[in-house]
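Participant: Sequence and predicted structure are below.
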Amino acid sequence: MPVLPTAENAANVIIDKHGIELGKERTRLDWGVLRRCYDLGKPFWISREGIVAWVILGFTLIVTGLQSGTISWQLALRREMVDNAIAKHVPAFWHYFILTTAMQGILALLLTIQGPLVNLLQLWWRRSLTRQVLSDYLGHRAYYRINQAASVDNPDQRISDDVKLTVTQLFGIYIWISLIVSRLVVYLPYTWYYAGPRAFFVLSIAGAASLIFPKLFAYFVPYDNAQYKAEADFRFGLVRLRENSESVAFYQGEHAEHTSLMGRFEKIFRISAFLIFRTLWLQGTSQVYYTILGVLPVLLLYPSFFAGHLDYGTLMNVTQVVGAELDFLAVGLLFFNEWLGVAVTVNRLWNLIDKTKHERAVTADTNAFLTETDDRIAVRHLNFGTPDGTRTLAENVTFDVTPGKSLLVSGPSGSGKSALLRVIAGLWTPTSGEILRPPLRDLAFLPQKPYMPLGDLRAQLLYPQVWREDPDDSDAQLLAVLHEVGADYLVGQYGGLSAGADWAEVLSLGEQQMIAFARLILARVRFALLDEATSGLPEASEQRLYDKLKGLGITFISVAHRASLYPYHEKQLIFKGRATWEVANS
């Protein structure tokens, strides 16, 4: 039985009796998995794109049906071929050999065509499901809240790996079930004809005995889920090392990183070792089961052969058929082994989607405090704190920023300056009060560390536009704006607006902040929230950028410490700590 975790990990994990961290996110083999599979697949299969998918699915059913429907014919031809070979009837043998080979060739051709079509269908489904998951994840800023709260581990892995695995595993189970059903439809009458009712007695025992395996597999479901998480955590640590390699090098933190990464890998080792022994145990149980299955056809059919009721060719065919039926009826072993993988990946993916739906409700709660207005930014009696509710940052904050005016927010670290901007932007939910602000299309936010997306220099300037929707944003205008912010030298330095680079690495913090101001100018917004947005720039460049904002008539709220910025703001909001504040003239 699982035991309670220690204090330091009580919030996130459950430690089982083997000392393995299972995590608080549990996965079970239940009927809920079927409902989630249906909900994940429905948007694709009822869409216009799904029409072609249904055609391909129909083709796979036809091929599967042909495989199964011609089995009796193939078995009869093979029996005649074997009997004629034993009797040395050469012309008859070659006749049946040619027929058997031709039939197998036609089926092989159909299967060859089916393979790429099935892969294409899975690719379409994966694209549709990825689009659906990304839409939920990015919608209502769910990604931000999920990452801030760490409520779902490794969402990147779930969107990439788990989406792919969900599609391939579900389609694999569909193929498996359709093959079993269609072949049993053909095999059972054939077996009845040659072996009689005894066959059904044996097959029923085999099928019932296999049902012990679901219980065995269900016990290990949480461990498979824990293995997914451990692998993702280890990969995340490696990615973090790559992204922060310079900082680690400056700190000479190689030993600390090695210790941390090996600690993450140790979790993989512990879980994987446990699962290896699980596999050994299950394989031993499976071998006993299949050994018994191998004996059953002999006990069922060979007495009839010895009594002269079956010829040798028929004996071989019926033995093969009964063996295949016994394999198919090992449903507990075969199906639940596959269903285990499906349950883990589908539940992990569904938990992410479910969390995005929860964040949608949180966004609605946040919007309850917001009122959109075109003429100002203002707060009324605002109380807010950290998202986890453990600390109150400010109480009863009240101020107005009307068009053409500006506000400087200052105070010691951790007093709530940046938190105020997050609350105004709708990223954090206040506990009470009212926020008046313009619509988001008229409001820009510049953080201290700007985001540099993948793409060329032009993409850095136009972000977050996906396409250049405004024809006025010509290259000439982009160059002019770069000149206005003092960053036009980057064009010549890196080879033009179409130059690509890892901009977060090659540009200094100050250069990234100049790019962010260029985006602000090109966005043509009327209001801006600036969070230490010029901290990496010298005062002369800082003053140049603020003069530009004033000249454009942009109303802004700045979080900053430099006294040189006082003249650019009519008022100051000073956070003093312990949830206290005051408003003063600048």
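Facilitator: Great, that's in hand.

Participant: Return the set of buried residues in stretch 144-156.
Facilitator: Buried residues in stretch 144-156, counted by 16 or more other CB atoms under 10 Å: R145, I146, V152, D153, N154, P155. Placement of C-beta: from N, CA and C, glycine included.

Participant: end-to-end on it?
Facilitator: One end of stretch 144-156 to the other measures 13 Å (CA to CA, to the nearest Å).

Participant: List the contacts of it.
Facilitator: Outside stretch 144-156, the residues that touch it by CB atoms under 8 Å, 6 or more residues apart in numbering are 23, 25, 137, 143, 158, 229, 232-233, 236, 351-352, 355-356, 359, 362-363, 387-388, 427.

Participant: switch to 6 Å and redo it
Facilitator: Stretch 144-156 is contacted from outside by K229, A232, L352, K355, E359, P387, using CB atoms under 6 Å, 6 or more residues apart in numbering.

Participant: Which residues are in contact with the residue positioned nearest the centre of the chain?
Facilitator: Most central in the chain under CA atoms, centre = their mean is I159, positioned 1.6 Å from the mean C-alpha point. Contact analysis of I159 by CB under 6 Å, 6+ apart lists V133.

Participant: From I353, how far out is it?
Facilitator: 10 Å (CB to CB, to the nearest Å).

Participant: And for L188?
Facilitator: L188 is 41 Å from I353, by CB to CB.

Participant: For these two, indicate the residue with more neighbours.
Facilitator: Remark: of L188 and I353, I353 carries more neighbours, 19 against 15, as counted by other CB atoms under 10 Å.

Participant: And the more buried one, which helix or strand is it part of?
Facilitator: helix 331-367 (DSSP states H and E).

Participant: Can you tell me the closest non-neighbouring residue to G385?
Facilitator: Residue nearest to G385 in three dimensions, not counting chain neighbours: T392, with 4.2 Å by CB to CB, 6 or more residues apart in numbering.

Participant: Burial check on the one you found, number of neighbours?
Facilitator: 14.

Participant: rewinding a little: tell me which residues in the helix or strand that the helix holding I353 is followed by are buried?
Facilitator: Once the chain leaves helix 331-367, the next helix or strand it forms, by DSSP H and E, is strand 370-372. Within strand 370-372, the residues that count as buried by 16+ other CB under 10 Å are L370.

Participant: Mind listing the strands strand 370-372 pairs with, and their directions?
Facilitator: Note on strand 370-372: by DSSP bridges, its sheet partners are strand 432-437 (parallel).

Participant: Tell me what angle the partner strand forms with helix 331-367.
Facilitator: Angle between the axes of strand 432-437 and helix 331-367 is 80 degrees (criterion: axes from the mean of the first three to the mean of the last three CA atoms, to 10 degrees).

Participant: what's next to strand 432-437, contact-wise?
Facilitator: The contact list for strand 432-437 (CB under 6 Å, 6+ apart) reads F369, L370, T371, T373, I377, A378, V379, R380, H381, L382, N383, I424.

Participant: taking these as a set, which two sit the farthest apart in space?
Facilitator: T373 and N383 (20.8 Å; CB to CB).

Participant: These two: which is more packed in?
Facilitator: Neighbours were counted for T373 and for N383 using other CB under 10 Å; N383 has more, 16 against 13.

Participant: Helix or strand: which one has that one?
Facilitator: strand 377-385.

Participant: by contact count, what packs against that strand?
Facilitator: For strand 377-385, the packing partners by 3 or more CB pairs under 6 Å, 6 or more residues apart in numbering; DSSP states H and E come out as strand 392-401, strand 432-437.

Participant: Tell me the gap between it and the middle of its chain.
Facilitator: How far strand 377-385 lies from its chain's middle: 36 Å, per CA atoms, centre = their mean, to the nearest Å.

Participant: Please identify the pairing partners of it and their relative orientation?
Facilitator: Assessed with DSSP bridges, strand 377-385 is paired to strand 392-401 (antiparallel), strand 432-437 (antiparallel).

Participant: Any chance of a markdown table for the ones you listed, columns distance to I51?
Facilitator: Formatted as a markdown table, those follow (distance: least, CB to CB, whole Å):
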| stretch | distance to I51 |
| --- | --- |
| strand 392-401 | 54 |
| strand 432-437 | 45 |
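
Participant: sorry, back to before: could you look up the SS state of the residue nearest to the centre of the chain?
Facilitator: Secondary structure for I159, judged by DSSP: H, G, I helix; E, B strand; the rest coil, is helix.

Participant: What separation do you get for it and R458?
Facilitator: According to CB to CB, I159 stands 27 Å off from R458.

Participant: ok, now how distant is G500 from L109?
Facilitator: Separation of G500 from L109 (CB to CB) stands at 45 Å.

Participant: just W45 next, same as before
Facilitator: In terms of CB to CB, W45 sits 28 Å off from L109.

Participant: Which strand or helix spans H309?
Facilitator: Assigned by DSSP H and E, H309 falls within no helix or strand.

Participant: Measure how far the helix holding I353 is from the centre of its chain, please.
Facilitator: Relative to its chain's centre, helix 331-367 lies at 10 Å (CA atoms, centre = their mean).

Participant: got it, and stretch 276-289?
Facilitator: Distance of stretch 276-289 from its chain centroid, counting by CA atoms, centre = their mean, is 31 Å.
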